[in-house]
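Novice: pasted the sequence and its predicted model underneath.
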Amino acid sequence: MQSFLNVWKQRPMWLRWLAAVVFVLLLGLAAVSAMVPSVADTAGPIGLFLGSISAGVTFIVGARHLDGRERVSWTLVGVGLLLIATGVLLVAIVSSLAEMAAFGPPDILFLGGYAFGIVGFALLPQVASDWSERLRVMLDGLIGAISMGVIAWLLVLGDLLGRLQSFTAWERWAGSAYPVLDAVAMIVFILVFVRRTAYRFDIRLVFVGAAFIAQIVADLAYLESGIGRTFAEARPVYAVNIAALILFFAAALMVRLRPQRQEYAARRSSLFALVAPYSLAAAMTAMLVVRILQGRLDVNFWALLWGTVAVSALVIVRQGVAIRENRTLVERQRAALVSSISHELRTPLTAVVGFLDLAINETTPLDAEEREELLHVVHQQAVYMARIVSDLMLLARGNLDSIDIAPAKVSLESLLNAALATVDSGGASVTVESDAGLEVFVDSERLQQLIVNLVSNAIRYGRGRVDIVAKRVDSALVIEIHDDGPGVPKRYELAIWERFERGAHRLDATRPGSGIGLAVVRAVAEAHGGTAEYRRSERLGGSCFFVTLPRTIIETGGEKLDPSIRPVA
C-alpha cells in the first residue's frame with residue numbers, strides 16, 4: 001500500500017482528481033442501477049462505457065512505464081477493455097434504433113475484448129527458474145485448471161449449453177462462448193497465480209481476480225435471462241458488471257507497481273500453490289464418489305471420471321518431476337558440502353602442518369616464546385577443525401529433527417565459561433551478562449555446541465564487539481548473541497537456517513564458513529523444545545541470534561549440580 005501511495009503522489013493533481021471523480025461516478029451508477037430499476041437501462045450502459053474506457057486507457061498508459069512481457073500483458077488487457085467499450089457503444093446505438101436479440105453480432109466485440117484480456121493476463125511473466133520447477137508449477141496449475149473446468153461443466157455449463165441447442169446460430173455461438181470464456185478466465189487466473197507465487201504479494205492480481213469473478217457472475221445471470229429473448233427483455237445485472245469494471249480500474253491504477261521477487265528465500269512450495277489446485281481436485285473427486293454411491297452413471301459421471309483420471313495422471317507426472325527435482329537438489333547440496341568442507345578444513349590443516357613443521361625443525365631458530373606462539377596457533381586451528389567435525393557428526397545423523405539429548409542439572413555460568421573457553425575471540429571484545437546463580441536442566445554438551453557456533457559467527461561477521469546475554473524469562477532460559485556487524489539481509493533471514501546456506505556470504509571465500517552452524521543451532525534448540533530466531537540487535541545495531549528454551553530453569557535448592565562440564569572441542 002505504501003508503494004501505491006508513493007506512485008500515486010507522483011502523479012499530477014488533476015489526474016488524481018480525475019481518477020477520484022471516475023470512481024465516484026462508477027459507484028453512483030452501480031448503486032442507481034441496483035436500486036432504481038426504472039433507470040437501470042440508462043445508467044447501466046453509461047457506467048459500462050465509462051468504466052471500460054477508463055480502465056482500458058489507464059492500463060495502456062500505465063503499461064508504458066513497464067518493460068518486457070509485463071508491458072505487453074497489461075497493454076493487451078487495456079485493448080480488451082477498449083473493445084468492450086466499443087461494444088457497449090455499438091449496442092446502445094443499435095438498440096435505440098431497432099429491436100435486437102440478446103445475443104448477436106455485437107457480441108464479437110465483447111468476446112474479442114474478453115479474449116484479449118485473458119490472453120494478456122496469461123502472458124504475465126514468472127520468475128526465471130529451472131525447467132523442472134517451471135514444469136512442476138505448470139502441472140500444479142493444470143491440475144487445478146482441469147478440476148475447475150470439470151466442476152464448472154457439471155454445475156453450470158452443461159445445462160446452459162444444452163438449452164442453447166434449440167435457438168438460432170448466433171445465440172448458440174455467442175451464448176456458448178461466454179461461459180466457455182468465463183471458465184477459461186478462471187483457469188488462466190489459477191495458472192498465473194500459481195506460477196507467480198515466487199513474487200511478492202501482487203495486489204494487481206487480487207483486483208483482476210475479483211473482477212473476473214464479478215464478470216462471471218454477471219455473464220451467467222445475463223445468459224440465464226437472455227436465452228431466446230430480445231435485448232430489451234433480458235435483464236443484465238448492470239451493478240455487477242460495473243463492479244467488475246471498478247475492480248479493473250483499481251488494478252489499472254496500480255499497474256506500475258511491478259512486484260519484486262520474494263525477499264525471503266523460499267525453500268518450500270507456496271501454500272497457496274498447493275492448496276488452490278488440489279482443493280479443486282479433491283472437490284471433483286468427492287463429486288465423483290457421491291455419484292458412484294448414488295448410482296448416477298450419466299453423462300456428468302463420465303465427465304467427472306475422465307477428469308479424475310486426467311488429474312491423477314498429472315499428479316503422477318508431477319510427483320515424478322518433484323522427485324527428480326529433489327534428487328537434483330540433494331546432489332547440489334552434496335557437492336556444496338564437499339566443496340565447503342574441503343575449503344573449511346584445508347585452510348586450518350595447512351596452517352597446522354606448516355607451523356608444526358617449523359616447530360619440529362631443529363634447524364629453525366625458535367626461542368621458547370616463539371615456539372609457544374606457534375603451538376597456540378596450532379591449538380586454535382585444531383579446536384576450529386574439531387568444532388566442524390562435531391557439527392558434521394551431528395549432521396551425519398541425517399534427520400536434525402530427532403537429535404538425542406541427555407539433559408542434566410548444570411550451572412549456567414560454568415556452562416558459558418566452558419563454551420567460551422573453546423572460542424578464539426580473534427581480538428574481538430566479548431562480554432557476558434548472565435543472571436547470577438541460574439541453574440538449568442539442559443544437555444550441556446549440545447548447548448555448548450550451540451553457544452560456540454553462535455559466538456563464532458558473531459566474531460566472524462561482526463566488527464569487533466560481541467555481547468552475550470543469558471537471562472531468565474519466567475521458566476525459560478533465553479540466550480542472546482549480539483554483534484556490531486552489518487546484520488543479515490532481509491531476504492536471507494529465513495534461508496540462513498537451512499543446511500549449507502551462508503546467506504549473503506555464500507560466494508565470499510574470504511570469510512570461512514560451512515553453512516551448517518545455524519542448522520545445528522536450530523536443531524539443538526528444538527531438541528530442547530525451544531526455538532532459535534534472528535532479529536536486528538537493539539544493543540549493537542548488528543545481528544542478534546537468540547535461543548529460547550522453555551521450562552529449563554531450575555529453582556534453587558534442588559539437586560546437586562553436574563560437576564562434569566568440560567569444554568566441547
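Specialist: Yep, that arrived. Source: prediction; values computed, not measured.
Novice: now do the contacts for the residue lying closest to Ala34 once chain neighbours are set aside.
Specialist: The shortest distance from Ala34 to any non-neighbouring residue, by CB to CB, 6 or more residues apart in numbering, is to Ala239 (3.7 Å). Where C-beta positions appear, they are placed from N, C-alpha and C, glycine not excepted. Contact analysis of Ala239 by CB atoms under 8 Å, 6 or more residues apart in numbering lists 30-31, 33-34, 44.
Novice: look at Ala239 and give its secondary structure.
Specialist: Of the three states, Ala239 takes helix under DSSP: H, G, I helix; E, B strand; the rest coil.
Novice: which pLDDT value belongs to it?
Specialist: Per-residue confidence (pLDDT) for Ala239: 93.
Novice: repeat that for Leu540.
Specialist: We note a pLDDT of 93 for Leu540 in this prediction.
Novice: then Glu99?
Specialist: Looking at Glu99, the pLDDT reads 77.
Novice: for Ala102, see how far away the nearest residue to it once chain neighbours are set aside is.
Specialist: Excluding the flanking residues, the one nearest Glu99 by CB to CB, 6+ apart is Thr230, at 5.5 Å. Distance, Thr230 to Ala102, using CB to CB, to the nearest Å: 6 Å.
Novice: out of those two, which sits in the more crowded spot?
Specialist: Taking neighbours as other CB atoms under 10 Å, Thr230 and Ala102 compare with Ala102 leading, 24 against 12.
Novice: so that one is in contact with Glu224, correct?
Specialist: No. Ala102 is not in contact with Glu224 according to CB atoms under 8 Å; the separation is 10.8 Å.
Novice: and the helices in the stretch 1-150 of the chain?
Specialist: 2-10, 13-35, 40-63, 68-97, 107-122, 131-152 (DSSP state H, counting those that start in this stretch).
Novice: rebuild those helices as a markdown table, extending it with mean neighbour count.
Specialist: As requested, the helices of the stretch 1-150 of the chain are exported to a markdown table (neighbours: other CB atoms under 10 Å):
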| stretch | mean neighbour count |
| --- | --- |
| helix 2-10 | 11 |
| helix 13-35 | 15 |
| helix 40-63 | 22 |
| helix 68-97 | 19 |
| helix 107-122 | 21 |
| helix 131-152 | 21 |
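Novice: of the ones you listed, give the one that comes closest to Gly529.
Specialist: Evaluated with CB to CB, the helices of the stretch 1-150 of the chain place helix 131-152 nearest to Gly529, the distance being 34.9 Å.
Novice: with only the CA atoms kept, save that closest one in CSV.
Specialist: What follows is helix 131-152, C-alpha atoms only, in CSV (Å, rounded to 0.1, in the frame of the first residue of the first chain):
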residue,chain,number,x,y,z
TRP,A,131,12.9,-26.3,-16.2
SER,A,132,11.9,-28.8,-13.6
GLU,A,133,10.5,-26.1,-11.3
ARG,A,134,8.6,-24.5,-14.1
LEU,A,135,7.2,-27.9,-15.2
ARG,A,136,6.1,-28.7,-11.7
VAL,A,137,4.4,-25.4,-11.3
MET,A,138,2.7,-25.8,-14.7
LEU,A,139,1.4,-29.2,-13.7
ASP,A,140,0.0,-27.8,-10.4
GLY,A,141,-1.8,-25.2,-12.4
LEU,A,142,-3.1,-27.8,-15.0
ILE,A,143,-4.4,-30.0,-12.2
GLY,A,144,-6.4,-27.0,-10.8
ALA,A,145,-7.5,-25.9,-14.2
ILE,A,146,-8.9,-29.3,-15.3
SER,A,147,-10.6,-29.7,-12.0
MET,A,148,-12.1,-26.2,-12.3
GLY,A,149,-13.3,-26.9,-15.9
VAL,A,150,-15.0,-30.2,-15.0
ILE,A,151,-16.7,-28.7,-11.9
ALA,A,152,-17.9,-25.7,-14.0
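Novice: I would like the residues contacting that helix, please.
Specialist: 126, 179, 182-183, 186-188, 190-191, 194-195, 197, 273-274, 276-278, 280-281, 283-284, 287, 303-304, 307, 310-311, 314-315, 317-318, 321-322, 324-325, 328.
Novice: so where do the helices sit in the stretch 151-300 of the chain?
Specialist: Secondary structure of the stretch 151-300 of the chain (DSSP H, counting those that start in this stretch): helices located at 158-163, 169-195, 203-226, 238-253, 271-294, 299-360.
Novice: wait, which of those is closest to Val24?
Specialist: Going by CB to CB, the one of the helices of the stretch 151-300 of the chain nearest Val24 is helix 238-253, 10.7 Å.
Novice: tell me the angle of that closest one relative to helix 203-226?
Specialist: Helix 238-253 runs at 160 degrees relative to helix 203-226, counting by axes from the mean of the first three to the mean of the last three CA atoms, to 10 degrees.
Novice: what comes up buried for helix 238-253?
Specialist: 238-253 (16 or more other CB atoms under 10 Å).
Novice: then it to CSV, C-alphas only?
Specialist: What follows is helix 238-253, C-alpha atoms only, in CSV (Å, rounded to 0.1, in the frame of the first residue of the first chain):
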residue,chain,number,x,y,z
TYR,A,238,-25.5,-3.8,-14.6
ALA,A,239,-24.5,-3.2,-11.0
VAL,A,240,-22.3,-6.4,-11.0
ASN,A,241,-20.9,-5.5,-14.4
ILE,A,242,-19.9,-2.0,-13.2
ALA,A,243,-18.4,-3.5,-10.1
ALA,A,244,-16.2,-5.7,-12.2
LEU,A,245,-15.0,-2.6,-14.2
ILE,A,246,-14.4,-0.7,-10.9
LEU,A,247,-12.1,-3.5,-9.9
PHE,A,248,-10.3,-3.5,-13.3
PHE,A,249,-9.9,0.3,-12.9
ALA,A,250,-8.4,-0.1,-9.5
ALA,A,251,-5.9,-2.7,-10.9
ALA,A,252,-5.1,-0.3,-13.8
LEU,A,253,-4.2,2.5,-11.3
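Novice: pLDDT below threshold where in the stretch 151-300 of the chain?
Specialist: 157, 160-167, 194-201, 228, 259-274, 276 (pLDDT under 70).
Novice: repeat that with 50
Specialist: By pLDDT under 50, the low-scoring segments of the stretch 151-300 of the chain are 263-268.
Novice: also the chain?
Specialist: 2, 263-268, 507, 509-510, 558-569.
Novice: domains of it?
Specialist: Per automatic domain parsing, the structural domains of the chain span 1-126+202-211+232-263, 128-195+265-334, 335-395, 402-554.
Novice: do you know which of those domains lies nearest Ala218?
Specialist: Comparing these against Ala218 with CB to CB, the closest turns out to be domain 1-126+202-211+232-263 (4.2 Å).
Novice: where does that closest one sit relative to the chain's centre, distance-wise?
Specialist: Computed by CA atoms, centre = their mean, to the nearest Å, the separation of domain 1-126+202-211+232-263 from the middle of its chain amounts to 29 Å.
Novice: sorry, back to before: just the buried residues of the contacts of helix 131-152.
Specialist: 126, 179, 182-183, 186-188, 190-191, 194-195, 197, 273, 276-278, 280-281, 284, 287, 303-304, 307, 311, 314-315, 318, 321-322, 325.
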